[in-house]
Each structure stands twice: as C-alpha cells, then as structure tokens.
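> I would like the atomic coordinates for the input below:
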Amino acid sequence: MKSGNTRTKRRSLPFSLKKIVPAAEKIGFTTLGILLALWINNWDESRKKREIEKETLLEIKAGLEQDRLDLKETIFGYESRVENVTRLFNYLERPTPPPDSLATAMSQLIGFSFLLANTAAYETLKSR
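Got it, this is the predicted structure:
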C-alpha cells in the first residue's frame, strides 16, 4: 500500500469552459440573427401578398361596378323594347292603327342587347 496522499486525481477535460462560453454565445447570436432575418422576410412577403390581394380586390370591385352599369343599360334596352312591343300590340288591336305611329313603333323594335362581363381581374386572380 501506498501511504501518503489519497487524493484522487482530477482528469482535465480536453476543452475549457472559457472557450465554450464565447463559442456558444456566437452560435446563439448567429442563430438569433438568422431567425430574426427569416421573421422579417416572412413579414415582408405577407405584406406584399396583402398588397397584391388589395389591388386584385379593387380591380374586381371596379369590374363589378362596370358590369352593374352595363346591366342597367342592358335592362333599359330590353324594357324599352317590351314597351314598344306592348305599344305595337295596342296599335294592332285598334280598328285602324295610325300608320306613322306603327312605323315608329316597328323601327324601335330593332336592336339587341347583351352583357359582356368584365373578367380581367378574375383572370388575373386565377393566374396568381
């Protein structure tokens, strides 16, 4: 048996905490910087998408307003033709229709109306 000091020898680690802490700080700050950059990028992308969505919705609204005006005009055209047909039937039911009024009523029957819907904003939305 050996006499003397029975202290157990401490094994020294191949690295020291003095070197680990700064390295961990660098890794942490780098990770934090990358995450912050990704968050900012995602925020900016969603902001751009919202702007595009607003523009598209405004285009759709303008197209619908124009379609509404076109529909009013188309409805007016059909309503005036219905009135002229009714007037023509009234003239035909008389024993002797006045020739001038009949010619005027007949000439106002000619025409057509149709609605050509504005689909530009919808087509743009489909392509995105």
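> lowest-scoring secondary structure element of this protein by mean pLDDT?
helix 99-107 (a mean of 69; mean pLDDT, DSSP states H and E).
> following element in sequence after it, please.
Downstream of helix 99-107, the first helix or strand assigned by DSSP states H and E is helix 120-127.
> and that following helix, what does it pack onto?
Contact partners of helix 120-127 among helices and strands, from 3 or more CB pairs under 8 Å, 6 or more residues apart in numbering; DSSP states H and E: helix 17-93. All C-beta spots, glycine's among them, are computed from the backbone N, C-alpha and C.
> what about the helix it packs on, distance to the chain center?
Chain-centre distance of helix 17-93: 3 Å, with CA atoms, centre = their mean, to the nearest Å.
> how about low-confidence regions in the chain?
Residues of the chain meeting the criterion pLDDT under 70: 1-15, 97-99, 101-102, 105.
> if we go to 90?
The chain contains residues with pLDDT under 90 at 1-23, 53, 56-57, 59-60, 63-64, 67, 70-71, 73-128.
> the residue most central in space within the chain and R47, how far apart?
In the chain, the centroid-proximal residue (CA atoms, centre = their mean) is E53; its distance is 3.7 Å. For E53, the distance to R47 (CB to CB, to the nearest Å) stands at 11 Å.
> could you do L35 as well?
19 Å.
> kindly report the same for E93.
69 Å.
> same deal with K26?
According to CB to CB, K26 stands 31 Å off from R47.
> which residues touch F89?
By CB atoms under 8 Å, 6 or more residues apart in numbering, no residues touch F89.
> ok, W43 - how many residues close by?
By the criterion of other CB atoms under 10 Å, W43 has 10 neighbours.
> let me redo that: I20
Using other CB under 10 Å, I20 has 11 other residues around it.
> and for the one 3 residues further on?
The number of residues packed around A23, counting by other CB under 10 Å, is 10.
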